[in-house]
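Colleague: Prediction below, plus the sequence it came from.
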There are 2 protein chains.
Amino acid sequence: MRKKPEILDTRVVARSRLFRIEAVNLRFSNGVEVEFERLRGSGSVGAVIVVPMLDPETVLLIREYGVGLERYELGLPKGRVEPGEDMLEAANRELMEEAGYGARRLTKLPALSLAPGYLGHRTQVILAEDLYPQRMVGDEPEPIEVVELPLSRFEDMVMENEDLTEGRSIAAIYLALSHMHRRGRR
Amino acid sequence: MRKKPEILDTRVVARSRLFRIEAVNLRFSNGVEVEFERLRGSGSVGAVIVVPMLDPETVLLIREYGVGLERYELGLPKGRVEPGEDMLEAANRELMEEAGYGARRLTKLPALSLAPGYLGHRTQVILAEDLYPQRMVGDEPEPIEVVELPLSRFEDMVMENEDLTEGRSIAAIYLALSHMHRRGRR
């Protein structure tokens, strides 16, 4: 593995309520120096994205408005880990708040990064099984629509490219399928 | 489908060389008003991520330093569509610049979003086949390492969760596999 670039200098060049933008000066191991910009969020101990299996053939999705794309999008429940929580507790809370279910069985799968070139985010994928109805009130501005998606429809829905487009949610569902498939073979 | 929230007000609250952060005031259809923040990049006509198949069993990945995560990461070639290019031309140029190959066959697959809650990005997935060696010089600070990954190793590598973690790249490879599988069945 190649030697990492040396970080010569990091400074905040813009800041808002939720974000700060840093300029970073780097020297690569070949001597080339460049300045990159990266986005930092409010310091969180982590984030989780939950793949809730209503039964072995059905995944639960939620439909939420995303102001980045200015439209409603289907995706998985997700959110930040709050102080004092571990990843599994955060996943179960987000699942209760956003989809109205708790899970008796929670399994840590890989963590996914978002855009390593300018974001530091990593989101732990958590598979949630053995669900039971349980709602917790979150901070959502409106009730969230929950959609039961048969796995047999999942790839068609992604290929239609209409409202299930988020790379992280799609990757997380594939990871869960792969994990369940491998577990079944053992 | 539910009525979209009304955008009451949008204003730039922070700005850097590459990014601007906007605060957006929304009124949801139930009357609840909230303020969100979102990140805007420099106005680009689009972005592409390329799944280059060296042969039907081998995908090409590149290893690049990402200052967001401060480490080298494996992922797919990608980049912005330049003025005057279409998506397929941009994909072929990025493939030549970052991996040293051109493609005789380019196929548009779905577009992936990144984080609809606060980013407007959509990246078109392009499957690249019938490759031939062809290098173009890009603006990379150091030569990019190209890795030939047998598809039989792909899921193991994702599950190891070491240097192939980017959700968008993982989703794009799964989409390409699904597309090639469906094409083979027809």
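Modeller: Yep, it's here. Residues are numbered from 1 along each chain as shown, chains lettered A, B, ... in the order given.
Colleague: ranges for the helices of chain A?
Modeller: Along chain A, counting by DSSP state H, helices occupy A:87-99, A:151-160, A:167-185.
Colleague: for the second one, packing partners?
Modeller: Using 3 or more Cβ pairs under 8 Å, 6 or more residues apart in numbering or on different chains; DSSP states H and E, the elements in contact with helix A:151-160 are strand A:58-66, helix A:167-185, strand B:101-113, helix B:167-185. All C-beta spots, glycine's among them, are computed from the backbone N, C-alpha and C.
Colleague: And for the first one?
Modeller: The criterion is 3+ Cβ pairs under 8 Å, 6+ apart, and the helices and strands that helix A:87-99 contacts are strand A:47-55, strand A:58-66, strand A:78-80, strand A:101-113, strand A:122-133.
Colleague: Check those for me and report the most buried one.
Modeller: Mean neighbours per residue, mean count of other Cβ atoms under 10 Å in any protein chain shown, is largest over those for strand A:47-55, with a mean of 23.
Colleague: residues in contact with it?
Modeller: Applying Cβ atoms under 8 Å, 6 or more residues apart in numbering or on different chains, the contact partners of strand A:47-55 are A:59-60, A:76-81, A:87, A:90-91, A:94-95, A:99, A:101, A:103, A:109, A:112, A:121-129, A:131, A:148, A:168-169, A:172-173, A:175-176, A:180.
Colleague: sorry, back to before: can the helices and strands packed on helix A:87-99 go into TSV with extra columns for mean pLDDT and distance to residue B:25?
Modeller: TSV is the format used below for those (pLDDT from 0 to 100; distance: least, Cβ to Cβ, whole Å):
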stretch	mean pLDDT	distance to residue B:25
strand A:47-55	97	25
strand A:58-66	97	14
strand A:78-80	95	22
strand A:101-113	97	31
strand A:122-133	97	27
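Colleague: Tell me how chain A divides into domains.
Modeller: A:6-40, A:47-185 (automatic domain parsing).
Colleague: taking those domains together, which one is wrapped up most tightly?
Modeller: With neighbours taken as mean count of other Cβ under 10 Å, the domains of chain A reach their highest mean count in domain A:47-185, at a mean of 19.
Colleague: Can you pull up the most central residue in chain A?
Modeller: By Cα atoms, centre = their mean, chain A has its centre lying nearest to residue A:49, at 4.1 Å.
Colleague: of all the domains of chain A, which lies closest to residue B:65?
Modeller: With Cβ to Cβ, the closest approach to residue B:65 among those belongs to domain A:6-40: 7.5 Å.
Colleague: avg pLDDT for the closest one?
Modeller: The average pLDDT for domain A:6-40 rounds to 95.
Colleague: could I get the helices of chain A as CSV with mean pLDDT?
Modeller: Shown next, in CSV, are the helices of chain A (pLDDT from 0 to 100):
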stretch, mean pLDDT
helix A:87-99, 97
helix A:151-160, 96
helix A:167-185, 95
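Colleague: Of all the ones you listed, which one is nearest residue B:69?
Modeller: helix A:167-185 (14.7 Å).
Colleague: Does the closest one reach chain B?
Modeller: Yes - when contact is scored as Cβ under 8 Å from any Cβ of the partner chain, part of helix A:167-185 falls within range of chain B: A:167-168, A:170-172, A:174-175, A:178-179.
Colleague: and the two most separated of those?
Modeller: By the measure Cβ to Cβ, A:167 and A:179 form the most distant pair in the residues of helix A:167-185 next to chain B, at 18.4 Å.
Colleague: Let me know whether residue A:173 touches residue A:153 as I believe.
Modeller: No - the pair residue A:173 / residue A:153 is not scored as a contact, 11.6 Å apart, by Cβ atoms under 8 Å.
Colleague: What pLDDT is listed against residue A:43?
Modeller: Looking at residue A:43, its pLDDT is 62.
Colleague: any idea how far chain B is from the residue lying farthest from the centre of chain A?
Modeller: What lies farthest from the middle of chain A is residue A:31; by Cα atoms, centre = their mean that is 35.8 Å. Counting by Cβ to the nearest Cβ, to the nearest Å, the gap from residue A:31 to chain B is 9 Å.
Colleague: same question, residue A:17
Modeller: Residue A:17 is 6 Å from chain B, by Cβ to the nearest Cβ.
Colleague: Residue A:56 now?
Modeller: Applying Cβ to the nearest Cβ to residue A:56 and chain B gives a distance of 19 Å.
Colleague: show me the residues around the nearest residue to that residue once chain neighbours are set aside that make contact.
Modeller: Nearest residue to residue A:56 in three dimensions, chain neighbours excluded: residue A:180, at 7.2 Å (Cβ to Cβ, 6 or more residues apart in numbering or on different chains). Counting by Cβ under 8 Å, 6+ apart, residue A:180 makes contact with A:53, A:56, A:127.
Colleague: Export the residues you listed to JSON lines and append columns for distance to residue B:163.
Modeller: Shown next, in JSON lines, are the contacts of residue A:180 (distance: Cβ to Cβ, whole Å):
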{"residue": "A:53", "distance to residue B:163": "28"}
{"residue": "A:56", "distance to residue B:163": "31"}
{"residue": "A:127", "distance to residue B:163": "22"}
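Colleague: closest to residue A:159 among those?
Modeller: When the contacts of residue A:180 are ranked by distance to residue A:159 (Cβ to Cβ), residue A:53 comes first, at 21.6 Å.
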